[in-house]
Structure formats: structure tokens, C-alpha cells
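Student: My questions are about this predicted structure, shown below with the sequence.
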There are 2 protein chains.
Amino acid sequence: MVYSEQHSDGALLKGRTFDPDIAKFVATIRKRFSFSEAEAERLSERITLTTVYDREEFLVREDERIHFSSLIIEGYAARAKYNEDGSRQITQLQIPGDFVDLHSYPLEVLDHSIVALTSCTIAKLHHTDISELIDHDPRMARILWFSTMVDAAMHREWIQNIGSREGKARIAHLICEIHARSEVVGLADNGTFDFPLTQTQLGECLGFSQIHVNRLLRQLREDGYLTFKEKIITIHKRDELCDLAGFDPNYLYLTKRSS
Amino acid sequence: MVYSEQHSDGALLKGRTFDPDIAKFVATIRKRFSFSEAEAERLSERITLTTVYDREEFLVREDERIHFSSLIIEGYAARAKYNEDGSRQITQLQIPGDFVDLHSYPLEVLDHSIVALTSCTIAKLHHTDISELIDHDPRMARILWFSTMVDAAMHREWIQNIGSREGKARIAHLICEIHARSEVVGLADNGTFDFPLTQTQLGECLGFSQIHVNRLLRQLREDGYLTFKEKIITIHKRDELCDLAGFDPNYLYLTKRSS
DNA sequence: CGAGGGGTTGACGTTGTTCAATGAGCGTGG
DNA sequence: CCACGCTCATTGAACAACGTCAACCCCTCG
């Protein structure tokens, strides 16, 4: 086994010692994508040391030409597009275990910004390293391409959510999505998970005003679907909440692919 | 030159004769992506004969496992997600020259349906052929990946449009997008272009009711921005319309890439 | 102790939906 | 040929969803 020996400081190794955060990250994404051990090691050794970003700090700015992709180790980030009046639309939430902004590899210049919503621990992977990984291993190209296409699928679901669902169903759907994604990476426990967004940030995801978000959350609480206190959500009636939201997790492609 | 000799029936050839529709399609996408002539030929010879779909007929149904990708030769199609009540949200419009549903290659099973909005002429490319193209030519993989990432960028713009813009600006933005995309593939002439959608279909793109679309279009007409008669739009005040919409075409990545 | 960010609540205005009725165009069958 | 049924577009009126403004709370941090 590649990652069987546990270092005293938490790092996993096989001859080589990786940053414990990075080892954990790679182990996490291996749950979703079928990396071989050799692939996982080749990936790990190219991921560079972690950086911490403050809340509301930009990881990438729109129109910027960048040469690396970011991976979230800890914290919440978002893809966001800024409006002319200074407000913004969040188009996707990124949680620990996400390859954020792999999009910048084929696109070269991003059409949107990446911003930390909480303080974030980030690791980086240079585009030249991605090219080398892909050249050595066409299967890696498929995995990375697949990963970005899941982001596109999430975008489509958000379009449907914002365009077709109203009020309680819309906010419930977002909560169901984050719960399902958190669960897969081991960040949800029996319906309880961290949800560190403010009501304003929630509104920026959903196209609602902060005040409307407040009222909708109160209704979900009063209806007994969930509690949401101190940045922690507990879902009490999961099936009913998914039903209210019209939530079907297929679009997240969470089950491991065979290929 | 590969495509210099013109056949009597309109096909272009170099030893080999391609379907004239396919030759035209490949010539069109070569305006956007930097294919070499050899690449263009390898692609052309793998694209199979065209099929015609009726209005509102499905090219692909959600959850279906398919083994080919579709290319639009003529007509309008859409990515759509169906709601529980039978209504639907359109998440992207596809016009002639688009690789539609290349997403199904890495995803294998689609999270959404592809439906013809008008009668459509479609060509197909088998997934096995895509794999062969990519294996022979890693640059082709980048081009195809890039193409799907532009779709993701359009999705993000739509999220912003539906989530942040209201009324006239929202519908104006969609019109600006289709105009810009039509122009690139030679389907717009000095602000005039085919726009064969019904008001109902427009509403399904924008998250508006058909009745509201009707009223908004009337306002745009009354304000002198455009005329829209018999499925043809003519934009009279392009700069003002883009300004109203907050439209910036960067997200379409229309300019030819160097790589 | 004061300032600032986040949450809560009420009153009121705007945007967009629903229901309903009408007309124009088009293909089909008598 | 016209009558019909259909789809699409148009318009009005009542209603619901959501935003804005304003006031107030609590908490944290300097």
C-alpha cells in the first residue's frame, strides 16, 4: 500500500514524505476518482505547499492569466462574477476536496473570479505539471476533464434552481447539494455539517436579497426541516427536505466511475 | 490546401470526398479553434452522415448512456432540464457550428437532455473516434476540452443573468449572446439574424413566463433597440443594447486561441 | 465604550405570475 | 372553398413573490 505508513506528524509516505494536508486531499479525491496508486503519487508530488487566504480575499481575479490551479484543503471558496453595481453572483461553491479552477488550464484566462468565503487553506498545481501528468497518462486527462465537466453539470443545476424553483425550494436545494457533497468527503455526520456562509453570501448564490434569505431560513426552521445555528446546519427531515427541493444528486456524479 | 478543390455538388476534398454539410461545419469551427489541416481532415473523416430531427424531438434524453456526440449543422437545439411539473429550464442554446453534447464523452451519462427547438440537421461523432483522435493528438484533447469549458463559461454567465439581471436587461443579454455567436459563424448580417425561438422557449431560457417575455419584448421594441418579426431579429442600437444588458463577450472566448 | 458586521422583523413598493379573453396565421378535412 | 382546431402572440386585471427602506438586536473586537 502506498499510503500505509503513518508519519509521526501525520504525513503519509512511500519513500517520499508529502505534506499531510496534501496527502489527505489526495486520499479524499481518490474516493471519487479512480486513481491508481502510482497516479496518486505522481499527482501528490506535484502539488505544492499550501497557502492561507483570508475571508473575501481573491484566489484568482477575472481576466487574469494564471499558470496554476488551486485545490481546497480547508474552508469555503466560490466562483463569482461581479456586476456593474458592485454586487456579485456566486456561480458555484467550493468545499474542501475540490479541484477549484482547473478550468483555468484549458481556458488560460478565466471569465470569473475565485474568492475565499471563509479563511481558506489552498494547495497549488502548476499548469506545466498538469501538462506533464497528462502527457504521461491519457487516463489522467480523462479524469481531469471529467472533473471539470461535473462543475458544468453543477452550473446547469444552478441555472435550473435559480430559474425554475422559488423561495423555500431554492434555498433547500442548495443546502441539499452542500450536504451531499460534504458527506462524500467525510465532512457531514448524520445530517450535521459546517455551513459557514452568511445570509448575504447565501443570497449571492441564489439571486435573493439577504432579507429574503433570512425569512426563508426561518420558514425552513419553523417547518422543522432543519436547524441552522452558529454556522452549523442540522437536517432533521432529510427525505422531506430533498422532496421539497426536488433534489436528485445524480448531477453531482458522486459515485465512483469504473473507467 | 486540403479543402481547395470544389466538387460539383459542393463537397470539398483531398483524395477523399466529405459530405458538404460536414465540410462546411469543419470549416466553420476552424474559424474558432486552431486546427491544422491534417487535424481538420482527421476530424472530418470521422464525422458520420447527417440526420434530421423534428422540432421538440430529443437528441439525447437525461440519464441515457450514449456513445456518440452531436454536431449541429443547421437549426437550433437546447440543453434542458425538466422540472417535476413538466415545465423545463433551458440551460444553453446551441446554434449551427456548435459541438453539442461533447459533455457526454467524459461524463458518459448526461445529467440533462438535448432537444431540438426547431427542425435540426445533426451530424455525429462516435466516442470511440473521439478517443482515437485524442490518442493520436494530445492537442486535439486540449481543443475539445477547451470547447466544453466554453460551455461551462456560458453556463456561468447564464447563472449571473438569471440571478442578477432583471426584465429588459435579462432578455437583452440573451439576444446579445446569440447575436455575437451567430456573427462568428457567419449567420448574422449587420445586426440582423435568425432567431427562431417562440416566446415560450425564450421564457424557458430566462426563467420568465411567456406573458412576461411578450411584455419585455414589446418594451425593447418601443424603446427602439430592435425589431423582432417572423423569427428574425434586427438590432438597431447595438451599443445601447449591450450597455442595457451589461453584455461583455469575453466569456464566449470567440477570439482564436494561439495554442 | 463605541464601531461594525451579522441577524431579525415590519411596512411598503416593484417585479413578475396567473387567469382569462381575443386575434392572427396555418394546416387539415369536409 | 370554408370551417375547424391548433399554436403563437397580445393585452388586461388581480394576485403573489421578492426587494427596499428602516429600525433594532446581538455579538465581537479594538
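Tutor: Now that the structure is in, tell me what you want to look at.

Student: What ranges does chain A have for its helices?
Tutor: Secondary structure of chain A (DSSP state H): helices at A:20-30, A:37-44, A:104-107, A:127-136, A:138-164, A:167-184, A:199-206, A:210-222, A:238-245.

Student: Minimum distance to chain B: which of those helices has it?
Tutor: Among the helices of chain A, the nearest to chain B by Cβ to the nearest Cβ is helix A:138-164 (3.3 Å). To be clear about C-beta, it is placed using only N, CA and C from the backbone, and glycine gets the same treatment.

Student: just the angle between the closest one and helix B:199-206, please?
Tutor: Angle of helix A:138-164 versus helix B:199-206, following axes from the mean of the first three to the mean of the last three Cα atoms, to 10 degrees, is 120 degrees.

Student: Does helix A:138-164 reach chain B?
Tutor: Yes: Helix A:138-164 comes into contact with chain B (Cβ under 8 Å from any Cβ of the partner chain), by way of A:138, A:141-142, A:145-146, A:148-153, A:155-160, A:162-164.

Student: buried stuff in that helix?
Tutor: Residues of helix A:138-164 classed as buried by neighbour count (16 or more other Cβ atoms under 10 Å in any protein chain shown): A:140-164.

Student: average pLDDT across that helix?
Tutor: Mean pLDDT, helix A:138-164: 93.

Student: can you state the direction angle for it and helix A:167-184?
Tutor: Going by the same axes, to 10 degrees, helix A:138-164 makes 160 degrees with helix A:167-184.

Student: What angle do helix A:127-136 and helix A:138-164 make with each other?
Tutor: 120 degrees.

Student: now helix A:138-164 against helix A:20-30, angle please.
Tutor: 80 degrees.

Student: so how far is A:Arg79 from A:Arg165?
Tutor: 20 Å (Cβ to Cβ, to the nearest Å).

Student: Neighbour count for the two, which is higher?
Tutor: Between A:Arg165 and A:Arg79, counting by other Cβ atoms under 10 Å in any protein chain shown, A:Arg79 is the more crowded of the two (27 against 22).

Student: The more buried one and B:Glu157 touch, don't they?
Tutor: No: counting by Cβ atoms under 8 Å, A:Arg79 does not reach B:Glu157; the two are 11.7 Å apart.

Student: contacting residues around the spatially most central residue of chain A?
Tutor: The structure's chain A has its C-alpha centroid closest to A:Gln94; by Cα atoms, centre = their mean the separation is 2.7 Å. For A:Gln94, the contacting residues are A:Ile72, A:Tyr76, A:Ala77, A:Ala78, A:Arg79, A:Val100, A:Ile114, by Cβ atoms under 8 Å, 6 or more residues apart in numbering or on different chains.

Student: for it, which residues make a bridge with it?
Tutor: Going by DSSP bridges, A:Gln94 is paired in beta bridges with A:Ala77.

Student: Report pLDDT for A:Tyr3.
Tutor: 37.

Student: Likewise for the one 4 residues further on?
Tutor: On pLDDT, A:His7 comes in at 37.

Student: can you list the domain ranges for chain A.
Tutor: A:5-151, A:165-252 (automatic domain parsing).

Student: Those domains into CSV, with extra columns for distance to B:Gln199?
Tutor: Putting these into CSV (distance: least, Cβ to Cβ, whole Å) gives the following:
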stretch, distance to B:Gln199
domain A:5-151, 25
domain A:165-252, 21
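
Student: show me where pLDDT drops low in the stretch 1-150 of chain A?
Tutor: Applying pLDDT under 70 to the stretch 1-150 of chain A picks out residues A:1-18.

Student: average pLDDT for stretch A:241-255?
Tutor: Here the average pLDDT along stretch A:241-255 is 94.

Student: Name the residues of the stretch 151-259 of chain A found near chain B, please.
Tutor: Listed as neighbours of chain B in the stretch 151-259 of chain A under the rule Cβ under 8 Å from any Cβ: A:151-153, A:155-160, A:162-164, A:206-207, A:246, A:250-251, A:253, A:257, A:259.

Student: nearest spatial neighbour of A:Glu57, skipping sequence neighbours?
Tutor: A:Ala116 (5.1 Å; Cβ to Cβ, 6 or more residues apart in numbering or on different chains).

Student: I'd like to know how far that neighbour sits from B:Arg65.
Tutor: Distance from A:Ala116 to B:Arg65, counting by Cβ to Cβ: 38 Å.

Student: Then A:Ser104?
Tutor: Counting by Cβ to Cβ, the gap from A:Ser104 to B:Arg65 is 30 Å.

Student: Please identify which of those two sits among more neighbours.
Tutor: The neighbour count for A:Ser104 versus B:Arg65, taken as other Cβ under 10 Å, is higher for A:Ser104 (22 against 10).

Student: didn't the more buried one look like it was pressed against A:Arg61?
Tutor: No: here A:Ser104 lies out of contact with A:Arg61, judged by Cβ under 8 Å, at a distance of 11.4 Å.

Student: check contacts around A:His67.
Tutor: So A:His67 contacts A:His126, A:His127, A:Thr128 (Cβ under 8 Å, 6+ apart).

Student: Please indicate which of those residues are buried?
Tutor: The neighbour-count test (16+ other Cβ under 10 Å) marks A:His126, A:His127 as buried among these.

Student: I'd like the contacts of A:His67 as JSON lines, with distance to DNA strand D appended.
Tutor: JSON lines is the format used below for the contacts of A:His67 (distance: Cβ to the nearest atom of the strand, whole Å):
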{"residue": "A:His126", "distance to DNA strand D": "35"}
{"residue": "A:His127", "distance to DNA strand D": "37"}
{"residue": "A:Thr128", "distance to DNA strand D": "40"}
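
Student: Tell me the one among the contacts of A:His67 nearest to B:Ser182.
Tutor: Relative to B:Ser182, the closest of the contacts of A:His67 is A:His127; by Cβ to Cβ it sits at 32.6 Å.

Student: so what's that closest one closest to, chain neighbours aside?
Tutor: A:His67 (4.9 Å).

Student: what's the answer for A:Trp158, then?
Tutor: B:Ile159 (5.3 Å).

Student: in terms of contact, does the one you found touch A:Ile159 like I think?
Tutor: Yes: counting by Cβ under 8 Å, A:Ile159 is a contact partner of B:Ile159 at 5.7 Å.

Student: Number of residues surrounding A:Ser44?
Tutor: A:Ser44 has 22 neighbours, counted by other Cβ under 10 Å.

Student: same deal with A:Leu197?
Tutor: Using other Cβ under 10 Å, the number of residues around A:Leu197 comes to 22.

Student: show me the contacts for it.
Tutor: Applying Cβ under 8 Å, 6+ apart, we find A:Leu197 in contact with A:Tyr76, A:Leu93, A:Leu117, A:Cys205.

Student: which one of the residues you listed sits closest to A:Glu41?
Tutor: Using Cβ to Cβ, those come closest to A:Glu41 at A:Tyr76, 28.5 Å.

Student: nearest spatial neighbour of that closest one, skipping sequence neighbours?
Tutor: A:Leu117 (4.3 Å).

Student: And for A:Lys31?
Tutor: A:Val184 (6.8 Å).

Student: For A:Ile72, see how far away the one you found is.
Tutor: Distance from A:Val184 to A:Ile72, by Cβ to Cβ: 14 Å.

Student: Could you do A:Leu125 as well?
Tutor: 12 Å.

Student: cool, and A:Pro96?
Tutor: For A:Pro96 relative to A:Ile72 (Cβ to Cβ), the value is 5 Å.
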